[in-house]
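Asks: here's my sequence, what's the structure:
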Amino acid sequence: MGWNRTRLEDTARTRLGGAKLIVVANREPYIHRYEKNGEIDWIRPAGGLTTALDPVMQACGGVWIAHGSGSADRAVTNELGQVDVPPDNPTYRLRRVWLTKEQENGYYFGFANSTLWPLCHQAYCRPEFNPEHWETYKEVNQQFADAVIEESADEPTIVFVQDYHFALLPRMVKSVRPDIVVVQFWHIPWPNPETFRVCPWAREILDGMLGNDLMAFHIQYHCNNFLDTVDRNLECRIARDSFSVSRNGHDTLVQPHPISIDPELAEEYLGSTWEDEMTAFRETHRLGDRKILAGVDRVDYTKGIPERLRAVSRLMELHPEWIGEFHFVQIGAPSRTDLPAYRNLNDEICLLVDDINTRFGREGWEPIVFINEHAGPEVIFPLYRAADGYVVSSLHDGMNLVAKEFVAARTDEAGVLVLSRFTGAARELTHAILFNPFDIEELAEGMHTALTMPIDEQRRRMALMRAQVQDHNVYRWAGMLLSQAAKLATHRTGVIHREEPVTSDDDEELATLLTLSDEPYPNRSVWETLNDRAS
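Replies: You can find the predicted model right below:
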């Protein structure tokens, strides 16, 4: 049986048995803001994490704890910062944590995104190691941990921590409530031990992460790197056969759980008028009826946007027949513009676009259309659906969910995905055109292949990728993690009730997931070990 919202709801009900589910993430799933007329409106923020987790929370219920960042966020919450969401059809609770501007600068822009982000991404941006940022990061992690303890209210609880913003929180929660089961999903890559050891606070970060009962990454390779990093830095016992770490009497499982999307959202976002919307888009940007290659990203130095643009230039040098015959449409949402590296990148991209368009452009035609603004799904999904090729050139990426969104949007089973080998998605979407983003010529030839691929071959490849995304969707990702968390809770506390036998379809599927790996230290005995422990 495939995974969908109904199956996830059933899994949450039967596996969690009434335990409270708390998600901790920096970004909130809904933002309230004041309009120019003074009225309050709400939006869904862009980003893979909120897009992936919101349908999970709507299916499971519970509490989402996040930084309240909207101009009207305080106006709609109670004295504890709580508000029910989605605003138009509430199914779960949002608990907002209020941060000062100084805290946001030190914890988010500082340690999280100037230290951990470049440290974990091998994209050649030097990380900063500022002691003041570190102190603020610890302070904010404690603030969120206090909110978790308050929301748990001495009840059986599973806490699902998201990403690199909260490396210290699991240990902080466990120090107060050792009975709470804590699971963390790390959305970005984990580097090799030699890279991570340069961090002055490496030991403290690793100790915080080992407060988790389950530490999950996208792919096995990141799990391997994490265990090797722990082995080099901490006194602990690592069991390679069960992929677990034992430290100070506490065991942490380390497992791959590749994240995905809700494929049904693609059809919802496309709607019945997408062709009209795409016609208007073509007219606005003077695209005519020419072929389209597209990219949609945050403007981030890990996404390989300059490399992508240079490849467009190289494409026209190698294949001048394309001059005047296509457009590369790049939607680049401004991101973290308070940081110099991001402002400089945006400037570099604008200069590259101007240079390439000046060199190759003709009257009424420019090769690159750069839309340097946030775009909603009503713009992005028609572009996915209409593009002849979609380019993901990330230099290093944990997964890259927009690649999966493009596949889900191709209900016509046409279009070509040109995908960096250095994304987690490349492990699953193997029928894309895979390339090395540092090899500009290889990327240019990948674009040429996308523009010239016969329709039968497009459909063969796309049908296989669509089946992968449909089967391995966000509900499956969440269901596997929640099933594992519930098993750990049952074994360690005995407080979560199970209404179905241990040997279920979910268990067999999780066992299969944990045995599939092309990396060293394959996780072949994890499920057998867990079953032995449970019995």
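Asks: which residues of the stretch 101-250 of the chain fall in strands?
Replies: 157-162, 181-185, 214-217, 237-239, 244-247, 250-256 (DSSP state E, counting those that start in this stretch).
Asks: with mean pLDDT and mean neighbour count added, can I get those strands in CSV?
Replies: Quick note: C-beta positions are derived from backbone N, CA and C, even for glycine. Putting these into CSV (pLDDT from 0 to 100; neighbours: other Cβ atoms under 10 Å) gives the following:
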stretch, mean pLDDT, mean neighbour count
strand 157-162, 95, 26
strand 181-185, 97, 26
strand 214-217, 97, 26
strand 237-239, 94, 14
strand 244-247, 95, 19
strand 250-256, 96, 21
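Asks: could you dump these to a markdown table with distance to residue 33?
Replies: Listed next are the strands of the stretch 101-250 of the chain as a markdown table, based on distance: least, Cβ to Cβ, whole Å:
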| stretch | distance to residue 33 |
| --- | --- |
| strand 157-162 | 23 |
| strand 181-185 | 28 |
| strand 214-217 | 33 |
| strand 237-239 | 47 |
| strand 244-247 | 43 |
| strand 250-256 | 37 |
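Asks: next, the residue lying closest to residue 15 once chain neighbours are set aside: secondary structure please.
Replies: Nearest residue to residue 15, sequence neighbours excluded (Cβ to Cβ, 6 or more residues apart in numbering): residue 486, at 3.9 Å. Following DSSP: H, G, I helix; E, B strand; the rest coil, we place residue 486 in the helix state.
Asks: residue 486: how many residues sit nearby?
Replies: Applying other Cβ atoms under 10 Å, we find 23 other residues in the vicinity of residue 486.
Asks: that one reaches residue 21, doesn't it?
Replies: No. Residue 486 lies out of contact with residue 21 (Cβ atoms under 8 Å); the separation is 10.2 Å.
Asks: give me the common contacts of these two.
Replies: residue 158 (Cβ atoms under 8 Å, 6 or more residues apart in numbering).
Asks: in the host helix or strand of residue 461, what's buried?
Replies: Taking DSSP states H and E as the definition, residue 461 sits inside helix 455-471. For helix 455-471, a neighbour-count test (16 or more other Cβ atoms under 10 Å) marks 458-459, 461-462, 465-466, 468-470 as buried.
Asks: and it, C-alpha only, in CSV?
Replies: This file holds the C-alpha atoms of helix 455-471, laid out as CSV (Å, rounded to 0.1, in the frame of the first residue of the first chain):
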residue,chain,number,x,y,z
ILE,A,455,9.9,13.1,-26.8
ASP,A,456,9.7,9.3,-26.4
GLU,A,457,13.0,9.3,-24.5
GLN,A,458,11.8,12.2,-22.4
ARG,A,459,8.6,10.3,-21.4
ARG,A,460,10.5,7.1,-20.7
ARG,A,461,12.8,8.8,-18.2
MET,A,462,10.1,11.1,-16.7
ALA,A,463,7.7,8.2,-16.1
LEU,A,464,10.3,6.4,-14.1
MET,A,465,11.2,9.5,-12.0
ARG,A,466,7.5,10.3,-11.4
ALA,A,467,7.0,6.8,-10.1
GLN,A,468,9.9,7.3,-7.7
VAL,A,469,8.6,10.6,-6.4
GLN,A,470,5.0,9.3,-6.1
ASP,A,471,6.1,6.2,-4.1
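Asks: need the contact partners of that helix.
Replies: Where contact means Cβ under 8 Å, 6+ apart, the residues beyond helix 455-471 that reach it are 2-3, 260-261, 263, 404, 407-408, 410, 413-417, 428-429, 431-432.
Asks: these in helices, which ones?
Replies: 404, 407-408 (DSSP state H).
Asks: just list the residues touching the nearest residue to residue 53 once chain neighbours are set aside, thanks.
Replies: Using Cβ to Cβ, 6+ apart and skipping residues adjacent in sequence, the residue nearest residue 53 is residue 23, 6.3 Å away. Contacts for residue 23 were tallied using Cβ under 8 Å, 6+ apart; they are 53, 57, 62-65, 159-160, 162.
Asks: for residue 23, phi and psi?
Replies: phi -100, psi 130 (degrees, to the nearest 10).
Asks: from residue 472, how far off is it?
Replies: Residue 23 is 21 Å from residue 472, where distance means Cβ to Cβ, to the nearest Å.
Asks: let me see the ranges of the strands in the stretch 351-500 of the chain.
Replies: So, for the stretch 351-500 of the chain - with DSSP E, counting those that start in this stretch - the strands run 368-371, 389-392, 416-420, 433-435.
Asks: thinking again about what came up before, which among the contacts of residue 23 gets closest to residue 113?
Replies: residue 162 (14.8 Å; Cβ to Cβ).
Asks: and the closest residue to residue 291 other than its chain neighbours, how many neighbours?
Replies: In this structure, residue 291 finds its nearest non-sequential neighbour in residue 326, 4.2 Å apart by Cβ to Cβ, 6+ apart. Here the count is done by other Cβ under 10 Å, and residue 326 has 22 residues near it.
Asks: surely residue 326 and residue 367 touch.
Replies: Yes. Residue 326 is in contact with residue 367 according to Cβ under 8 Å; the separation is 7.3 Å.
Asks: shared neighbours of the two, anything?
Replies: What both residue 326 and residue 367 touch, as defined by Cβ under 8 Å, 6+ apart, is an empty set.
Asks: return the helix or strand in this protein with minimum mean pLDDT.
Replies: helix 526-534 (a mean of 35; mean pLDDT, DSSP states H and E).
Asks: check what pLDDT residue 225 gets.
Replies: Residue 225 carries a pLDDT value of 96.
Asks: count the residues that sit near it.
Replies: Neighbourhood size, residue 225 [other Cβ under 10 Å]: 21.
Asks: ok, and the closest non-adjacent residue to it?
Replies: Closest to residue 225 by Cβ to Cβ, 6+ apart is residue 190, at 4.7 Å.
Asks: list the contacts of that neighbour.
Replies: Counted by Cβ under 8 Å, 6+ apart, residue 190 has contacts 120, 196, 217, 222-223, 225-226, 229.
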